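Asker: Okay, predicted coordinates and the sequence, questions at the end:
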Amino acid sequence: MMGRKKKTDPESIKRKRLRLITAFSTAVILLILFSLQDLIKDVRTDASAFEIRYEADETFPQTGKIYKLYADGEYWGEIDQNRFCLLDENGHTDYKYCVLMEDASRLCYITILCIMLYLVLLIAKDSLEKTPFTRRNIRMVKAIAILQLLLGIIPGAVRDVMSMVKFDYSSALLDEKWFYMVVIAFVIGSIAYVFEKGLDLQEDVDSIV
């Protein structure tokens with residue numbers, strides 16, 4: 001005789017999903033804090049501790065040599081040499097300042113991305129209790145579209161402003177990555193517009209009935 005299947009408790013499912021959302025939110029916050037910690041660490045590091053080495057790529061040896069940045073002898077990461085050879089009015093570069101430019105740009109990127117994920121979590125949480133097609137959720141989808149657009153603008157703008165302050169040089173060029181982000185923002189905004197029009201029609205039908 002086969003045993004009976006246990007009925008799924010809706011409240012239990014909601015609690016599990018809420019715990020999952022809470023855990024994900026905590027991970028997002030920690031990601032921002034780690035990025036901020038990296039920025040603070042680089043601020044405290046002496047400028048003379050940074051050096052660039054032209055070494056073989058251990059991960060992909062077939063690509064040849066790449067530029068690597070070290071701080072106090074510790075590997076910081078692979079870099080774009082063009083971003084680290086900027087000269088000030090005295091003909092000097094500043095590797096530490098270039099690192100801070102990258103840190104600030106990365107922190108802006110991660111912060112905006114985390115805010116977007118937080119809004120997605122709010123939409124998901126509301127969908128557990130009621131229909132996701134509400135005015136509040138539509139406003140949040142619109143906000144996500146705007147944040148997606150800012151994701152392609154703000155990090156690069158922060159880097160360019162800092163570059164102008166120190167090196168009197170900016171390379172504000174619209175690359176392919178920026179174009180993709182604008183397209184994604186347009187798609188998300190279009191989805192919000194369609195949902196809003198659909199909700200308007202539904203409310204009109206409900207008012208007639």
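Answerer: Cool, got the structure.

Asker: does Phe84 really touch Tyr95, like I thought?
Answerer: Yes: taking Cβ atoms under 8 Å as the contact criterion, Phe84 and Tyr95 are neighbours in contact, 6.1 Å apart. All C-beta spots, glycine's among them, are computed from the backbone N, C-alpha and C.

Asker: joint contacts of these two?
Answerer: 52, 69 (Cβ atoms under 8 Å, 6 or more residues apart in numbering).

Asker: Show me where this protein dips below the pLDDT cut-off.
Answerer: Counting by pLDDT under 70, the ranges of the chain that qualify are 1-10, 13-14, 17, 60-63, 128-129, 169-176, 209.

Asker: which residue ranges form the helices in it?
Answerer: Using DSSP state H, the helices found in the chain span residues 10-44, 95-129, 135-151, 154-167, 176-208.

Asker: Now tabulate those helices in CSV and tack on mean neighbour count.
Answerer: Converted to CSV, the helices of the chain look like this (neighbours: other Cβ atoms under 10 Å):
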stretch, mean neighbour count
helix 10-44, 12
helix 95-129, 18
helix 135-151, 18
helix 154-167, 17
helix 176-208, 13
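
Asker: what's the closest of the ones you listed to Tyr67?
Answerer: With Cβ to Cβ, the closest approach to Tyr67 among these belongs to helix 95-129: 11.2 Å.

Asker: Output the contacting helices and strands for the closest one.
Answerer: Counting contacts by 3 or more Cβ pairs under 8 Å, 6 or more residues apart in numbering; DSSP states H and E, helix 95-129 is packed against helix 10-44, strand 50-56, strand 65-71, helix 135-151, helix 154-167.

Asker: before we move on, the earlier item: right, and the helices of the chain - which one's nearest Leu69?
Answerer: Closest approach to Leu69 among the helices of the chain (Cβ to Cβ): helix 95-129, 7.0 Å.
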